[in-house]
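J.: I would like the atomic coordinates for the input below:
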Amino acid sequence: MGRSGLRWLIFLLGVLALEVIARSRVMGPTLSVPPSHMIVNLVEQLSAGALTADLVRTAVEILTGFAIGAAIGLPLGAILWRVPLLAAVIEPYLLAYYAVPVFSLYPLFIKIFGAGAAPIIAIAALSAVGSIASNTLIGLRAIPRVQLAVARSLRLTTAQTAAHVILPSAAPQIFIGLKLGFIYALIGALASEFILATVGLGYEISYHYNNFEPTKMFAVMVLAITISVGCNWILTLGEQRLTRYRRLASAERK
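T.: Numbers count the residues shown, from 1 in each chain. This is a model prediction of the structure:
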């Protein structure tokens, strides 16, 4: 059995275990919702269009926040790499950024942006930017100096150096930052929707929890997890294709 088959086997065994535990009612009626009931309820809600507006709203908030975080984090990491003195000053603050509870700033964002999606997008963006910037900096620092020296000796242009040396070498670490940034943006958006929104997947989870509807609550949670895993898979696929391109280009040069 290959790695993919083993992963699916572990996943299916985990779902089966949850199904058995839920049906045995050992965790009480609130938590004893079988995965099969969650899936059926989720399909019913999606088919009826009950989650369409929430799904669109949350997707816009997450993707916009992630895009803003990447638009700030990627060039910030590159600038810090190019200017070591600035990096020496800023990097300690960047590392400490992980400890900042961005969500606690929501009263300030409401005051600045007002109610609606804007403060949630701001929280999602700020949640993502730190990991993207720091991992971009780490990836660029890991580029072998000899490769940059060879690029200079060959008189490659800035664009050529970026395409053939910098991006292929730093891409794995940069993609780690992007994947972490997306997860943080998703967490920031969903957590914000719990108290700042009247629409969205986070709001739906909170609403069903407060109204003692565990099956619907878990169904929406399954949808949120599926979105997270799916987007992470897309980023991983992009990373793998870039790595494959790098290997082919290296083989052609040899």
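J.: What pLDDT does the model give residue 29?
T.: The model reports residue 29 with a pLDDT of 69.
J.: What helix or strand is residue 230 located in?
T.: Using DSSP states H and E, residue 230 sits in helix 214-253.
J.: Mind listing what's buried along that helix?
T.: 214, 216-221, 223-224, 227-228, 231-232, 239, 242, 246 (16 or more other CB atoms under 10 Å). Heads up, the C-betas are built off the backbone N, CA and C, glycines and all.
J.: Quick check: the two most widely separated of these?
T.: The span of these, defined through CB to CB, is set by 214 and 246 at 47.3 Å.
J.: And residue 155, how close does it get to residue 161?
T.: Between residue 155 and residue 161 the computed distance is 10 Å (CB to CB, to the nearest Å).
J.: ok, the two, which is more surrounded?
T.: residue 161 (18 against 8; other CB atoms under 10 Å).
J.: In this structure that one contacts residue 148, no?
T.: Yes: counting by CB atoms under 8 Å, residue 161 does reach residue 148; the two are 7.4 Å apart.
J.: quick one, helices of the protein?
T.: All helices of the chain, identified by DSSP state H, fall at 3-24, 35-47, 52-82, 84-96, 106-113, 117-141, 145-153, 158-161, 167-196, 201-210, 214-253.
J.: Deepest in the core, which of these is it.
T.: helix 117-141 (a mean of 24; mean count of other CB atoms under 10 Å).
J.: So for it, mean pLDDT?
T.: Rounded mean pLDDT across helix 117-141 is 92.
J.: Kindly report the same for stretch 187-195.
T.: 90.
J.: just how off-centre is that stretch within its chain?
T.: Mean-position distance between stretch 187-195 and its chain equals 14 Å (CA atoms, centre = their mean, to the nearest Å).
J.: Using PDB, write out every CA atom in it.
T.: The C-alpha coordinates for stretch 187-195 follow below in PDB (Å, rounded to 0.1, in the frame of the first residue of the first chain):
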ATOM      1  CA  ILE A 187      -8.800  31.000  11.800                       C
ATOM      2  CA  GLY A 188      -8.900  34.800  12.100                       C
ATOM      3  CA  ALA A 189     -11.900  35.100   9.800                       C
ATOM      4  CA  LEU A 190     -13.900  32.300  11.400                       C
ATOM      5  CA  ALA A 191     -13.100  33.500  14.900                       C
ATOM      6  CA  SER A 192     -14.100  37.000  14.100                       C
ATOM      7  CA  GLU A 193     -17.400  35.900  12.600                       C
ATOM      8  CA  PHE A 194     -18.300  34.400  15.900                       C
ATOM      9  CA  ILE A 195     -18.900  37.900  17.400                       C
END
